[in-house]
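A.B. asks: What follows is a predicted structure for the sequence shown.
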Amino acid sequence: MKTLFELNPALDRAALAARFAATGRVQIRDVLTEESAHEVLKVLAKGTRWGMATGAGDENRQSFRMEETRTPEGQNRVNAAAMAAQQNSARGEYGFRFAHYPILTAVQEGWDPGGPHEILLEHLNAEPFLGLVREVTGIDALVKADGQATLYAPNHYLGRHIDSHVAEGWEVAYVLNFAPPDWHPDWGGYLTFLDEEGDIVEGFRPRFNALNLFKVPQAHLVSYVPPFAPIGRIAVTGWLRTR
């Protein structure tokens, strides 16, 4: 496991910092060494007990563990939650649906003590990664990261929102991508940024071994993944926090 999370030593941190300073967001390609990136992908793709996350507005977010989704009753609850999210989105309100594994919750509740996801979260909170993020963002007060594994499969999406939880210490959102290298634009799953009129000002294609960082609050979404897209857009996502 020693190669699970090793940063690429060749990153041009000054250029990345200049990009972030100019726009409040940046995509860092080849952020990990090639060996480490494939190790993380192996954990996520083959060792993750994917559940489902749904949301129909900020007040109606639900997280279903894999075990729940495999019973008839649980599947009915997941379908009902997904339909509520879809109805919200049809009205132009906030909604989302994607597969996930809440790493921080899993660690706190002891789902898999000492497992690879716990080790991954430790790396995200270790000095090499936090130091990189502080250097690129210029925010020295960042002290910790939370995280969840996410999988956008066909019919999954994350509606427009701004992540306005600054009072909780959220400063920078991150998406550590492990999408297939040949991810096609027609397959959706883009991290897209919007201006006040709803026009797209920038979008990041899902890429293998790419870290997206962006200052919050900032209007963004993950575009809908159509039925013909493959499975899937795998990532680790979360917020880097000052407390």
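C.D. replies: Good, I have the coordinates.
A.B. asks: Need phi/psi at residue 231.
C.D. replies: Per-residue torsions, residue 231: phi -100, psi 120 (degrees, to the nearest 10).
A.B. asks: what's around it, how many residues?
C.D. replies: Per other CB atoms under 10 Å, the neighbour tally for residue 231 reads 14. C-beta: built from backbone N, CA, C; applies to glycine.
A.B. asks: That one and residue 50: what is the separation?
C.D. replies: Going from residue 231 to residue 50 by CB to CB, to the nearest Å gives 10 Å.
A.B. asks: Ok, residue 235 next?
C.D. replies: Going from residue 235 to residue 50 by CB to CB gives 13 Å.
A.B. asks: Of these two, which one has the most company?
C.D. replies: Set residue 235 next to residue 50 and count neighbours by other CB under 10 Å: residue 235 wins out with 27 against 19.
A.B. asks: Confirm that the more buried one sits in a helix.
C.D. replies: No - looking at residue 235 with DSSP: H, G, I helix; E, B strand; the rest coil, it is strand, so not inside a helix.
A.B. asks: quick one, phi psi at residue 226?
C.D. replies: According to degrees, to the nearest 10, residue 226 has phi -70, psi 160.
A.B. asks: Next, the contact list for it, please.
C.D. replies: 154-155, 186-188 (CB atoms under 8 Å, 6 or more residues apart in numbering).
A.B. asks: so what sits against both of residue 235 and residue 50?
C.D. replies: residue 149.
A.B. asks: Show me whatever sits in contact with both of residue 231 and residue 50.
C.D. replies: Here residue 231 and residue 50 have residue 151 as joint contacts, going by CB under 8 Å, 6+ apart.
A.B. asks: low-confidence ranges in this protein?
C.D. replies: Filtered on pLDDT under 70, the chain yields the residue ranges 1-2, 165-167.
A.B. asks: For it, just list every one of the helices.
C.D. replies: Ranges of helices within the chain are 13-23, 34-46, 66-69, 72-90, 103-109, 116-124, 127-137, based on DSSP state H.
A.B. asks: still on that earlier bit, who wins on neighbours among the contacts of residue 226?
C.D. replies: Neighbour counts for the contacts of residue 226 (other CB under 10 Å) peak at residue 187, which has 22 neighbours.
A.B. asks: I'd like the distance between that residue and residue 228.
C.D. replies: Residue 187 is 8 Å from residue 228, by CB to CB.
A.B. asks: Ok, residue 142 next?
C.D. replies: Where residue 228 is concerned, residue 142 sits at a distance of 39 Å (CB to CB).
A.B. asks: Repeat that for residue 91.
C.D. replies: Computed as CB to CB, the residue 91 to residue 228 distance reads 26 Å.
A.B. asks: Can you lay out the contacts of residue 226 as a markdown table showing distance to residue 57?
C.D. replies: Below are the contacts of residue 226 laid out as a markdown table (distance: CB to CB, whole Å):
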| residue | distance to residue 57 |
| --- | --- |
| 154 | 24 |
| 155 | 19 |
| 186 | 30 |
| 187 | 27 |
| 188 | 22 |
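A.B. asks: And those, which two are furthest apart?
C.D. replies: By the measure CB to CB, 155 and 186 form the most distant pair in these, at 14.9 Å.
A.B. asks: For stretch 33-49, which residues meet the burial criterion?
C.D. replies: 33, 36-37, 39-41, 43-44, 48 (16 or more other CB atoms under 10 Å).
A.B. asks: same question, stretch 143-163
C.D. replies: Buried positions in stretch 143-163, judged by neighbour count with 16+ other CB under 10 Å: 144-153, 156-161, 163.
A.B. asks: same question, stretch 188-197
C.D. replies: For stretch 188-197, a neighbour-count test (16+ other CB under 10 Å) marks 188-194 as buried.
A.B. asks: Kindly check the end-to-end length of it for me.
C.D. replies: Taking CA to CA, to the nearest Å, stretch 188-197 runs 21 Å from one end to the other.
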